[in-house]
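> please work out how this folds:
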Amino acid sequence: MAANEHAEASRADAFRPEASRSAEIQTEDDGCFGDFATMPAMYCPDFSRVEEAGQQRGSVCAIIVAGGTGSRFGNPGGKQLVEIAGRPMLSWTIEAFDRTHTIGHIVVVCPEERCAEYRARAVEPCGFETPITFADAGMTRQDSTHAGLVAAPEGCAYVAIHDGARPLIRPETIDAAVQALCADADLDGVVCGQPAIDTLKIADPVGLIDSTPDRSQFWCVQTPQVFRIDALRQAMDFAARTGFVGTDDASLVEQAGGLVRCIEAPRDNLKVTVPEDLPLVEAIMQMRRN
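Alright, predicted model coming up:
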């Protein structure tokens with residue numbers, strides 16, 4: 001085995017110790033959980049089977065990251081409280097997790113100085129049933145995820161990380177992602193997304209095309225991204241030791257040697273990034289309400 005291959009194998013072994021794996025749920029042999037890589041957009045999981053696999057509602061914590069400054073959105077106050085269909089965007093995001101069958105606790109990560117305002121405008125008027133706590137956002141998205149992870153209650157075995165600016169997420173999508181991870185003991189994480197449908201180009205810094213890769217290997221990933229909490233903690237520690245900065249939470253787990261799977265989710269799980277995104281998101285939200 002080459003030296004670099006041996007290092008990669010050692011890192012993967014250290015990341016997923018045998019002792020921790022032996023206590024995890026086992027995948028059933030009858031294939032009843034189906035093929036999540038090709039599940040239909042409106043897949044509705046069988047929640048009795050989630051419990052049979054060892055998954056309990058209280059063991060999954062949602063971490064909703066709402067710590068951005070809204071620089072691309074152009075709003076000095078950020079975008080989390082911008083109204084969509086008569087309510088702050090963040091409240092729609094929280095509601096989706098509140099309505100799931102699997103989430104037992106929600107942590108909202110936001111700037112410390114906005115915590116009281118977010119709670120007063122996006123949480124308290126809505127009567128959510130799931131316990132909600134707040135954590136202070138960090139300087140980077142990676143720091144904010146870590147803050148949410150630290151704030152997760154004891155006893156949580158899984159965490160679902162989600163962008164606060166994706167208010168169109170569906171409860172059944174969240175539950176399906178949790179079930180997909182719960183059903184496969186070899187996985188450390190599951191990310192929602194879609195296979196790429198556009199032609200992709202690899203270009204140089206000035207835009208000159210170098211090649212056209214096979215798009216069948218590419219996915220456009222979103223959130224939620226669901227992880228075994230110990231796997232994500234180990235990945236965070238690994239990133240801190242090595243100085244690695246990921247573009248999403250899954251990349252941290254991948255870099256640490258973890259196994260992450262993509263599952264297909266509805267394409268309307270849009271992220272509000274610039275003001276032009278709002279009319280489309282609002283139209284979809286109004287259509288659902290009607």
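> quick one, what contacts the residue nearest to Phe128 when sequence neighbours are not counted?
Counting by C-beta to C-beta, 6 or more residues apart in numbering, Phe128 lies nearest to Asp98, which is 4.4 Å off, once chain neighbours are set aside. (Each C-beta comes from the backbone N, C-alpha and C, glycine too.) Asp98 sits next to Ile106, Phe128, Glu129, Thr130 when contact means C-beta atoms under 8 Å, 6 or more residues apart in numbering.
> ends of stretch 62-79, how far apart?
Taking C-alpha to C-alpha, to the nearest Å, stretch 62-79 runs 20 Å from one end to the other.
> pLDDT on that stretch, on average?
Confidence for stretch 62-79, expressed as mean pLDDT, is 73.
> next: stretch 223-240.
Here the average pLDDT along stretch 223-240 is 98.
> which parts of it are buried?
For stretch 223-240, a neighbour-count test (16 or more other C-beta atoms under 10 Å) marks 223-236, 238-239 as buried.
> still on that earlier bit, now the contacts of Asp98 as JSON lines including distance to Pro213?
Listed next are these as JSON lines, based on distance: C-beta to C-beta, whole Å:
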{"residue": "Ile106", "distance to Pro213": "38"}
{"residue": "Phe128", "distance to Pro213": "43"}
{"residue": "Glu129", "distance to Pro213": "46"}
{"residue": "Thr130", "distance to Pro213": "42"}
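> what is the most widely separated pair among these?
Taking C-beta to C-beta as the measure, those span a maximum distance of 10.4 Å, between Ile106 and Glu129.
> gap between the residue nearest to Phe128 and Glu264?
Distance of Asp98 to Glu264, computed by C-beta to C-beta, to the nearest Å: 24 Å.
> please apply the same query to Thr223.
14 Å.
> which residues in the stretch 1-150 of the chain form strands?
Along the stretch 1-150 of the chain, counting by DSSP state E, counting those that start in this stretch, strands occupy 60-65, 83-84, 87-88, 105-110, 132-136.
> got a markdown table for those strands, with distance to Ala157 and mean neighbour count too?
Formatted as a markdown table, the strands of the stretch 1-150 of the chain follow (distance: least, C-beta to C-beta, whole Å; neighbours: other C-beta atoms under 10 Å):
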| stretch | distance to Ala157 | mean neighbour count |
| --- | --- | --- |
| strand 60-65 | 7 | 28 |
| strand 83-84 | 33 | 17 |
| strand 87-88 | 31 | 20 |
| strand 105-110 | 12 | 25 |
| strand 132-136 | 18 | 19 |
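> quick one: which of the buried residues of stretch 223-240 sit in strands?
Thr223, Pro224, Gln225, Val226, Phe227, Arg228 (DSSP state E).
> name the nearest of those relative to Ser251.
Closest to Ser251, out of all of these and judged by C-beta to C-beta, is Gln225, at 9.9 Å.
> I'd say the closest one and Thr247 touch.
No - checked against C-beta atoms under 8 Å, the pair Gln225 and Thr247 is beyond contact range at 11.8 Å.
> need the contact list for the spatially closest residue to Arg119 that is not a sequence neighbour.
Spatial nearest neighbour of Arg119, excluding adjacent residues (C-beta to C-beta, 6+ apart): Phe134 at 6.8 Å. Listed by C-beta under 8 Å, 6+ apart, the contact partners of Phe134 are Val107, Val108, Val109, Cys110, Cys115, Tyr118, Arg119, Ala151.
> same check on Asp163?
So Asp163 contacts Ile64, Val65, Thr93, Gln222, Thr223, Lys271 (C-beta under 8 Å, 6+ apart).
> ok, the fourth one to Gln80 distance?
The spacing between Gln222 and Gln80, counted by C-beta to C-beta, is 18 Å.
> neighbour-wise, which of the two wins?
Gln80 (29 against 22; other C-beta atoms under 10 Å).
> list phi and psi for the more buried one.
With angles defined as degrees, to the nearest 10, Gln80 sits at phi -60, psi -30.
> now the spatially closest residue to it that is not a sequence neighbour: how far from Cys110?
Nearest non-adjacent residue to Gln80, counting by C-beta to C-beta, 6+ apart: Leu90, 4.2 Å away. Distance of Leu90 to Cys110, given as C-beta to C-beta: 8 Å.
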